[in-house]
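Peer 1: Here is a sequence together with a model predicted from it:
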Amino acid sequence: MASANSTKIFFQFCGAAALSLALAVLPSAGRAQDTSAAQSYVQSNVQTALGILQDTSLSASVRRDRIHAFLLSLLDTQRIALFMLGAAQSTASPAAVAAYNEACRDFMVANYDSKLGGYAGQTLRVTGAIQHAPGDYIVSAVLVDPSVSANGKPPPEVDFRIVDEGGHLYIVDASIEGVWLALAEHDDFQGFLNAHNGDVAALTAHLKDMTAQLNAATN
């Protein structure tokens with residue numbers, strides 16, 4: 001698994017171009033209606049997260065507690081955790097999977113915290129969205145630094161995969177410039193498990209160590 005200093009590991013999201021092509025045949029008004037809620041969700045909530053990180057009136061510990069609580073409201077942590085665990089969930093005990101899910105949740109929140117912290121001076125601008133499947137969207141955005149004058153360099157692109165679960169929207173993956181975090185972490189988790197005889201408890205302990213490193217780096 002990647003170290004805390006190498007969590008920029010990301011994977012190209014397979015099929016994005018194909019999805020765009022498939023959606024091109026749908027009526028534009030229908031696409032706008034389908035994706036508008038997901039776009040608004042990303043614009044509002046990710047910008048709120050960036051605002052928490054920019055709030056210098058808060059102490060570091062209070063700011064971290066607030067951003068962690070807010071991120072937990074945005075991320076479908078159990079879905080992501082089980083995706084990254086893969087087939088190992090079928091051979092591990094329920095107690096081991098539960099402990100892993102908790103450790104993975106804390107790791108994901110700390111990881112997203114560290115990623116957003118790098119863009120705390122910027123603002124998010126949603127640029128569009130496509131519908132992957134009913135209730136499953138890819139929302140595209142850019143991070144704009146208002147303190148930097150235009151220098152010809154395009155702002156970094158970020159994308160979010162959003163799912164609608166019973167009317168509640170959640171983030172299940174995010175990328176920078178086309179490379180996706182959960183997909184890359186899935187490969188890292190599987191590599192760790194392969195190197196440790198599928199030991200989910202060992203993966204759980206490793207995630208706790210990684211989370212401690214991430215939290216220490218953002219203090």
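Peer 2: Nice, thanks for sending it over.

Peer 1: mean confidence score for the helix or strand containing Ala184?
Peer 2: In the assignment (DSSP states H and E), Ala184 maps to helix 181-195. Helix 181-195 carries an average pLDDT of 93.

Peer 1: That one: what's the following helix or strand?
Peer 2: helix 200-218.

Peer 1: What distance do you get for Ser93 to Thr204?
Peer 2: Computed as C-beta to C-beta, to the nearest Å, the Ser93 to Thr204 distance reads 12 Å. (Each C-beta comes from the backbone N, C-alpha and C, glycine too.)

Peer 1: buried sites along stretch 91-100?
Peer 2: Across stretch 91-100, burial judged by 16 or more other C-beta atoms under 10 Å covers 92, 96-97, 99-100.

Peer 1: meant to ask about stretch 160-177, not that
Peer 2: 160-163, 169-176.

Peer 1: With stretch 76-95 instead?
Peer 2: Buried positions in stretch 76-95, judged by neighbour count with 16+ other C-beta under 10 Å: 76-77, 80-81, 83-85, 88-89, 92.

Peer 1: can you check stretch 128-144 too?
Peer 2: Buried residues in stretch 128-144 (16+ other C-beta under 10 Å): 129-132, 137-141, 143.

Peer 1: Helices of the protein, start to end?
Peer 2: 16-23, 28-54, 60-74, 77-85, 94-117, 181-195, 200-218 (DSSP state H).

Peer 1: how about those in CSV, adding distance to Leu124?
Peer 2: Putting those into CSV (distance: least, C-beta to C-beta, whole Å) gives the following:
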stretch, distance to Leu124
helix 16-23, 20
helix 28-54, 5
helix 60-74, 13
helix 77-85, 21
helix 94-117, 10
helix 181-195, 17
helix 200-218, 20
